[in-house]
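Participant: need the 3D shape of this:
(one chain, ligands or ions: 2)
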Amino acid sequence: MASRFVVFLALCAAVAAITRVPLTKVTHTREQYKFKAIGEHLKKKYIPDYIPNNDAFNEGLSDYSNAQYYGPITIGTPPQNFQVLFDTGSSNLWVPCANCPFGDIACQLHTKYNCQKSSTCTATGAPFEIQYGSGSMKGVVDNDVVCFSHDKTWCTDKTQGFACATAEPGLAFVGAKFDGVLGMGWDRISVNNISQPMDQIFANSAICPQPLFAFWLSRDANDVANGGEMTLCGTDSAHYQGDIAWEPLVSEDYWRIKLSSVKIDGTEYTNGPVDSIVDTGTSLLTGPSDEIKKIQKKIGAIPIINGEYEVICSHVPKLPNITFNLGGQDFVLQGKDYILQLSNGQGAPTCLSGFMGLDIPAPNGPLWILGDVFIGRFYSVFDNGNKRVGFANAAKKA
Ligand SMILES: *[C@@H]1O[C@H](CO)[C@@H](O)[C@H](O)[C@H]1NC(C)=O
Ligand SMILES: *[C@@H]1O[C@H](CO)[C@@H](O)[C@H](O)[C@H]1NC(C)=O
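Facilitator: Ligands and ions are numbered 1, 2, ... in the order given. Down below sits the predicted model:
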C-alpha cells in the first residue's frame, strides 16, 4: 500500500515537472523576407566584431524580422507579462524598460518592465549594451524573479539578472510582435556574463528532474493560432515519434554540434563533418556559400537577388529529399520542408528556397545554421545537463 502511494506520488511529480510554454507564430509575406538583412543580422550574431553593412537595414526591417516563434514569460512581483523571442542563438534576456525615452518608438509600442512596480526588483545600475546589425540596444541590468509559467513554479529567485532596454536599435524592433528576446545559449557568449534564467531552474531538481528544454514548431500554415510549444524540464512525447538521436555539443557557447553530412541522392554536399549551430532565432537554413550554391542548383532553384533563390511552386512535390546526418541518424527534409511558400499579398504564392549561403570565417566558422526550416521538421531537444542536442521526427498533429 505504502509503496503504491509512493509510486503515485512519483507519477504526480513526473507530470508536474514539466512546463509547457505555448508559442505564437508570425506568418510573413514575400516582401518581409530580405536575405541581405537576415544575412547581416546572422553575421553580426556569429562573427565577433563584425561591422554590418547598414544599407541592408535601410528598409526598416528588424534584425529578427525573419523570426517566427515567440511566447510568454513574466518578470517581477506581481508578475509583469512579456512576449519574448526564444532564441537559442544568443544568451541574454532583455525587455523594453519603463523609463525608455518617449522618442523610442520600438519601446513605446511594446510592453515595458517597471522595476518600481515590482517588490522583488533590484536596480543594479550596471550599464548594458548588445550590438545588433542595425544599431545597439542599450540599457541597465535589473535583478528580479523571471517565470516561465503563471503558476510561479518555474521561476528564478529575485537575483536573476536581465537587461532593461532604454534604447533599441532604430526602427529595427518597431514592427516586432514580441517585446524582447530571451537568449537560450550558453553563459560563455552572454554579454556582461549574466547567467540565463534556465540555469537556476535547471539547478532545482525538485521542480526540474531533467535540465533541458525542447521545441516543437508548427509548420502548418493553415493553423496560425497554434505556433508550437517550448517545454522546460522535460520533453513532450505528444510532439515527436520514434527515438531521439543525440549529438554531443562541440563547445558550450552556442548549441554547436557536428553535422556529419548533407546529401542529395547519395552525393555529399559537405566536405566531411562540419560545425552547425541550432538556432531557433532564425527561420532559414544556412551553410557555406559554395556548398549552398551547389544545393540550390541541384534543387533547380533560380537566383533572384541578394542570395535569394526561387523555385516554381508546382515543382515542390517533385524536389529531391535532402538528408542531414546528425547523431548517427539520417534526418530527411523534403521539398515542402525546405521551401518557404510565401504570399505576395495577392495572387499565387512565391516559393523561396529556405537555404541561404553564409560564410562565417574562423574561429566561429565555417558552420551551418540550422534554423526553423530544420527545427520545424524535427522535434529538437536542448539538453543542458548532458551537453547535447537531440532530434526526432516531429508528430504531425498534437
Ligand atoms: C562569468 O561567471 C562565471 C560564473 O558566475 C565565472 O566563473 C566566470 O569567471 C565569469 N567570467 C567573467 C569573464 O567574468
Ligand atoms: C523522400 O522522403 C520521404 C520520407 O522520408 C519518402 O516518403 C519519399 O519517397 C522520398 N522521396 C524521394 C524522391 O526519395
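Participant: what's the domain layout of the chain?
Facilitator: Domain ranges of the chain: 67-203, 212-394, per automatic domain parsing.
Participant: redo the ones you listed as JSON lines? Include distance to Gln32 and mean pLDDT.
Facilitator: All C-beta spots, glycine's among them, are computed from the backbone N, C-alpha and C. Written out in JSON lines, the entries for the domains of the chain read as follows (distance: least, Cβ to Cβ, whole Å; pLDDT from 0 to 100):
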{"stretch": "domain 67-203", "distance to Gln32": "9", "mean pLDDT": "93"}
{"stretch": "domain 212-394", "distance to Gln32": "8", "mean pLDDT": "94"}
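Participant: give the contact list for Lys263.
Facilitator: If you count contacts by Cβ atoms under 8 Å, 6 or more residues apart in numbering, Lys263 has them with 269, 322-323, 325.
Participant: next: Leu212.
Facilitator: Applying Cβ under 8 Å, 6+ apart, one finds that Leu212 lies in contact with 202, 233-235, 381-386.
Participant: what residues are up against Lys152?
Facilitator: Taking Cβ under 8 Å, 6+ apart as the definition of contact, the neighbours of Lys152 are Pro79.
Participant: ok, now how distant is Thr166 from ligand 2?
Facilitator: 50 Å (Cβ to the nearest ligand atom, to the nearest Å).
Participant: that residue contacts Asn99, correct?
Facilitator: Yes. Applying Cβ atoms under 8 Å as the test, Thr166 and Asn99 come out as touching, 6.3 Å apart.
Participant: now the terminal residues of stretch 112-131, how far apart.
Facilitator: Using Cα to Cα, to the nearest Å, the end-to-end distance of stretch 112-131 comes to 20 Å.
Participant: now do it: everything it contacts.
Facilitator: 44, 75-78, 80, 82, 92, 94-98, 100, 136-145, 158-159, 161, 163-164, 179, 191-192.
Participant: swap in stretch 382-398?
Facilitator: With contacts defined as Cβ under 8 Å, 6+ apart, stretch 382-398 is touched by 88, 184, 198, 202, 210-217, 226, 229, 238-249, 252, 255, 257, 278, 326-327, 329, 331, 376-381.
Participant: excluding covalently adjacent residues, which one is nearest to the closest residue to ligand 2 within the stretch 151-300 of the chain?
Facilitator: For the stretch 151-300 of the chain and ligand 2, the shortest gap (Cβ to the nearest ligand atom) falls at Asp265, measuring 8.2 Å. Nearest residue to Asp265 in three dimensions, chain neighbours excluded: Pro320, at 6.0 Å (Cβ to Cβ, 6 or more residues apart in numbering).
Participant: and if you look at Asp359?
Facilitator: Among residues not flanking Asp359 along the chain, Ser289 sits closest, at 5.3 Å (Cβ to Cβ, 6+ apart).
Participant: go on, Cys233?
Facilitator: Computed as Cβ to Cβ, 6+ apart, the closest residue to Cys233 that is not its neighbour in sequence is Cys208, at 4.0 Å.
Participant: you'd agree that neighbour is up against Ile201?
Facilitator: Yes. Counting by Cβ under 8 Å, a contact exists between Cys208 and Ile201, whose distance comes to 5.3 Å.
Participant: got any residues that touch both of those two?
Facilitator: Contact criterion Cβ under 8 Å, 6+ apart; residues shared by Cys208 and Ile201: 154, 232-233.
Participant: quick one on the thing from earlier: which ones among the contacts of Leu212 are found in helices?
Facilitator: Phe202 (DSSP state H).
Participant: ligand 2 contacts on the chain?
Facilitator: Counting by Cβ under 6 Å from any ligand atom, the residues of the chain lying close to ligand 2 are 321, 332, 334.
Participant: contacting residues around the second one?
Facilitator: Spelled out, that is Val332. Taking Cβ under 8 Å, 6+ apart as the test, what Val332 contacts is 321-324.
Participant: skipping adjacent residues, who's closest to the residue most central in space within the chain in space?
Facilitator: Among the residues of the chain, the smallest C-alpha distance to the mean C-alpha position (Cα atoms, centre = their mean) belongs to Thr280, namely 2.0 Å. Once flanking residues are discounted, Thr280 sits nearest to Thr88: 4.6 Å by Cβ to Cβ, 6+ apart.
Participant: swap in Gly227?
Facilitator: Leaving out its chain neighbours, Gly227 is closest to Lys25 (Cβ to Cβ, 6+ apart), at 3.2 Å.
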